[in-house]
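Novice: Need the 3D shape of this:
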Amino acid sequence: MTDTLERIEQTLDTLRPYISSHRGQVEVVDFDESDGVLLLRLGGTCSGCSASSITLRQGIEARLRQMVPEVRQVEAI
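Specialist: Predicted structure coming up:
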């Protein structure tokens with residue numbers, strides 16, 4: 001699982017500059033390898049932003065599913 005978490009972090013690192021440019025943050029909270037659900041905490045201006053769900057699904061989740069096939073779903077907490 002450590003390898004999977006490393007690949008998740010590496011993929012998020014490619015997205016963080018964009019998220020940071022909007023004064024947002026993203027942090028891994030937990031990953032359940034058995035069901036492929038990744039829990040993320042969105043912070044900064046992402047917290048409460050109406051566009052954050054679009055960013056989560058179309059940006060973060062799409063990229064993670066492409067780069068880390070073990071990730072099947074991304075949820076924000």
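
Novice: Which secondary structure element of this structure has the lowest mean pLDDT?
Specialist: helix 52-54 (a mean of 68; mean pLDDT, DSSP states H and E).

Novice: What is the next helix or strand after that helix packed up against?
Specialist: Remark: after helix 52-54, the chain's next helix or strand is helix 62-67, criterion DSSP states H and E. The contact analysis (3 or more C-beta pairs under 8 Å, 6 or more residues apart in numbering; DSSP states H and E) places helix 62-67 against helix 2-21. (Each C-beta comes from the backbone N, C-alpha and C, glycine too.)

Novice: Need the per-residue pLDDT for the residue nearest the centre of the chain.
Specialist: Centroid-nearest residue in the chain, with C-alpha atoms, centre = their mean: residue 60, separated by 4.9 Å. Note for residue 60: predicted pLDDT of 88.

Novice: Next, the contact list for it, please.
Specialist: Contacts for residue 60 (C-beta atoms under 8 Å, 6 or more residues apart in numbering) come out as 12, 15, 26, 40, 74.

Novice: Buried subset of the residues you listed, written for PyMOL?
Specialist: Selection of buried members from those for PyMOL, criterion 16 or more other C-beta atoms under 10 Å:
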select buried, resi 12+26+40+74
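
Novice: Show me the shaky parts of this structure.
Specialist: Applying pLDDT under 70 to the chain flags residues 1, 46-54, 56.

Novice: how close does the residue with the largest distance to the centre of it sit to residue 4?
Specialist: When distances are taken from the C-alpha mean of the chain, residue 34 lies farthest, 17.7 Å away, according to C-alpha atoms, centre = their mean. Distance of residue 34 to residue 4, computed by C-beta to C-beta, to the nearest Å: 12 Å.

Novice: again with residue 72
Specialist: For residue 72, the distance to residue 4 equals 12 Å [C-beta to C-beta].

Novice: before we move on, what about residue 17?
Specialist: Residue 17 is 23 Å from residue 4, by C-beta to C-beta.

Novice: can you check residue 16 too?
Specialist: In terms of C-beta to C-beta, residue 16 sits 18 Å off from residue 4.

Novice: Same question for residue 38.
Specialist: For residue 38, the distance to residue 4 (C-beta to C-beta) stands at 10 Å.
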